[in-house]
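S.K.: I need the structure of the sequence given here:
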Amino acid sequence: MLKTKILLGLFLIVGVLTSCKKNSYDADEQLKKDDALILDFIAKNSIVAVKHSSGLYYQILNPGTGNEVTTSNTVTVNYQGKLLDGSEFDKSTSPVSFSLAGNLIQGWKIGVPLIKKGGKIRLIIPSVLAYGNESPGAGIPQNAVLDFTIDLINVQ
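M.R.: Below is the predicted model of the structure:
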């Protein structure tokens, strides 16, 4: 009986320890993988993009002529978001406004200030500047590189 209790206890301890999954996510390693995917995507689609020091790639389609943008601004935009396979996961159906200091992915906080009011930009955002190894919901898998086209309508 004692022997059985000891064995059951050991199995329980081993079960608990092996079920504790260690998070092996390495953002630097993921950024390298994302960079290779982005470079391949840019080459295959003949996109002329600039690499930001953060790892974000961008293409200014129209620089705009209005006010400068900072992360303390509220912006009004139209946008479309796709994965690198071309599948659309989100699109504004009318202009939307939000604070750049708010709860946005880092890629937007870095990329939107690269244009002025009236501008248009394409952001190819590595997963580490988007949702990382999390899936925010249907349509965006974990470690997804995101491809946004953003029209900056207004800056406040």
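S.K.: can you pull the contacts of the most centrally placed residue in the chain?
M.R.: For the chain, the residue nearest the mean C-alpha position is residue 130 (1.8 Å; C-alpha atoms, centre = their mean). Neighbouring residues of residue 130 by C-beta atoms under 8 Å, 6 or more residues apart in numbering: 105-107, 144-146. Where C-beta positions appear, they are placed from N, C-alpha and C, glycine not excepted.
S.K.: all strands for the chain, in order.
M.R.: Ranges of strands in the chain, per DSSP state E, are 50-51, 57-62, 74-83, 88-91, 96-99, 120-125, 146-155.
S.K.: Pick the most deeply packed of those strands.
M.R.: Of all the strands of the chain, strand 120-125 carries the top mean neighbour count, a mean of 23, counting by mean count of other C-beta atoms under 10 Å.
S.K.: Compute the inter-axis angle for that one and strand 74-83.
M.R.: Orientation check (axes from the mean of the first three to the mean of the last three C-alpha atoms, to 10 degrees): strand 120-125 against strand 74-83 gives 50 degrees.
S.K.: name the helices or strands packed onto strand 120-125?
M.R.: Contact analysis of strand 120-125 by 3 or more C-beta pairs under 8 Å, 6 or more residues apart in numbering; DSSP states H and E lists helix 27-44, strand 57-62, helix 106-111, strand 146-155 as its packing neighbours.
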